[in-house]
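Student: Return a 3D structure for these sequence lines:
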Amino acid sequence: MSGWDGNLILLDTASSGLFRASLFAPCKVSDSSCLELTVNAALPRILTGIPELGVDSADPQFNDVIEVKLPTLKLLLFNSTLTGFKDCRLSNITFNEDMTSVHCNAYCPSFNLHGQYDMIGQLISLPIQGNGDFSFHTGLFLVTVDTQLEKNKGNDGKTHFLIKKFKVNSVPTKPITYEFTNLFNGKKELADAIHKFANDNWLKITSLIQYPIWYKSLDTLSKSVNKYLEYVAVEDSLI
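Tutor: Alright, predicted model coming up:
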């Protein structure tokens, strides 16, 4: 790996008109240290977007609607922008024997999410209602992700991974700030009480609402990664 600088290399295969995109240094599938180094070097570049390959940005990431439905609360987040994925660092990257699933841990220093919201119901013990702008500012998350992979034969005759689905477990470790404009149609005293309650009880609230946001965001991220993986053969990356 010492001669690899982590830059994107596009090799035109004249016979097929395809390109092979290389951001990964080849690693043995059992070499977790190598996998960690090459994935953490490549991932920020992929998530930023690679227009020449049709890979959309996943950081910043746009989502038109994220729906959080709880027994006592309905929260819709519209036209939201999320940043922070490219600062995550992965570790303990391990494939199963037939490489149809991969496990990893992620250390994510912070996320910022902002957009518009529409909310009604009860936030733990307090009634809540409003619509307007929102922003969430987080600290460190410790995350584990188990991803199911599909292996397909590409037009280049080689094997390519496709992310099919994933399971996430997320633990926020530092306070999260929740901000909503126009709560209770702009009634400041009620809005101030909600903000104090939400920010005092950030861990409970995060545990209630985080997973719809995680799964929608990782679904968007997976689409970008899958587009990139169309250009990366397993045979060229895992040895």
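
Student: Not counting its neighbours along the chain, what's nearest D87?
Tutor: P109 (5.3 Å; Cβ to Cβ, 6 or more residues apart in numbering). Every C-beta, even on glycine, is put in place using the N, C-alpha and C of the backbone.

Student: Can you report how many residues lie near the nearest residue to R45 once chain neighbours are set aside?
Tutor: Distance criterion Cβ to Cβ, 6+ apart; nearest residue to R45, sequence neighbours excluded, is L23 at 5.9 Å. L23: 22 surrounding residues under other Cβ atoms under 10 Å.

Student: How much space separates L23 from Y228?
Tutor: Distance, L23 to Y228, using Cβ to Cβ, to the nearest Å: 8 Å.

Student: for L70, same thing?
Tutor: Applying Cβ to Cβ to L70 and Y228 gives a distance of 35 Å.

Student: And the two? Which one has more around it.
Tutor: Comparing L70 with Y228 by other Cβ under 10 Å, the one with more neighbours is Y228, at 21 against 13.

Student: Now do the same for that one: its pLDDT.
Tutor: Per-residue confidence (pLDDT) for Y228: 93.

Student: So it: helix, strand or coil?
Tutor: helix (DSSP: H, G, I helix; E, B strand; the rest coil).

Student: That one and I50, how far apart?
Tutor: For Y228 relative to I50 (Cβ to Cβ), the value is 7 Å.

Student: Point out where this protein drops to low pLDDT.
Tutor: Scanning the chain for pLDDT under 70 picks out the ranges 1-22.

Student: just the helices in it please.
Tutor: Secondary structure of the chain by DSSP state H: the helices cover 32-48, 188-200, 202-229, 234-237.

Student: Excluding its own residues, what touches the second one? List them.
Tutor: Taking Cβ atoms under 8 Å, 6 or more residues apart in numbering as the criterion, the residues outside helix 188-200 that touch it are 123-124, 126, 128, 130, 175-180, 183-184, 205.

Student: Could I get the buried residue list for it?
Tutor: By neighbour count on 16 or more other Cβ atoms under 10 Å, the buried set for helix 188-200 is L190, A191, I194, F197, A198.

Student: ok, now the shortest one?
Tutor: Residues V234, S237 are the ones in helix 234-237 that count as buried (16+ other Cβ under 10 Å).

Student: quick thing: my sequence starts at 59, can you match it?
Tutor: Got it, first residue is 59 now, which makes that one helix 292-295.

Student: that older thread, any idea which of the buried residues of helix 246-258 is closest to S90?
Tutor: Nearest to S90, judged by Cβ to Cβ, of these is A256 at 39.0 Å.

Student: can I get the helices of the chain in a markdown table with distance to M177?
Tutor: Formatted as a markdown table, these follow (distance: least, Cβ to Cβ, whole Å):
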| stretch | distance to M177 |
| --- | --- |
| helix 90-106 | 29 |
| helix 246-258 | 10 |
| helix 260-287 | 10 |
| helix 292-295 | 44 |
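
Student: do you know which of those helices lies nearest V113?
Tutor: Each of the helices of the chain has some distance to V113 by Cβ to Cβ; the shortest is helix 260-287, at 4.8 Å.

Student: Pull out the buried residues from the closest one.
Tutor: Residues 260, 263-264, 266-268, 270-272, 274-276, 278-280, 282-287 are the ones in helix 260-287 that count as buried (16+ other Cβ under 10 Å).

Student: so it versus helix 90-106, what angle?
Tutor: Angle between the axes of helix 260-287 and helix 90-106 is 90 degrees (criterion: axes from the mean of the first three to the mean of the last three Cα atoms, to 10 degrees).

Student: Figure out how far stretch 128-142 is from the centre of its chain.
Tutor: The chain centre lies 15 Å from the centre of stretch 128-142; the measure is Cα atoms, centre = their mean, to the nearest Å.

Student: Using CSV, list the CA coordinates for that stretch.
Tutor: Extracted in CSV, the C-alpha atoms of stretch 128-142 (Å, rounded to 0.1, in the frame of the first residue of the first chain):
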residue,chain,number,x,y,z
LEU,A,128,-44.3,7.1,16.8
PRO,A,129,-47.4,6.1,18.7
THR,A,130,-47.7,9.6,20.2
LEU,A,131,-45.7,11.7,17.7
LYS,A,132,-45.7,12.4,14.0
LEU,A,133,-42.6,14.3,12.7
LEU,A,134,-42.0,15.0,9.0
LEU,A,135,-38.6,16.5,7.9
PHE,A,136,-38.7,18.1,4.5
ASN,A,137,-36.0,19.2,2.1
SER,A,138,-33.3,18.4,4.6
THR,A,139,-29.5,18.6,4.2
LEU,A,140,-27.2,16.4,6.3
THR,A,141,-23.5,16.7,6.7
GLY,A,142,-21.0,14.6,8.7
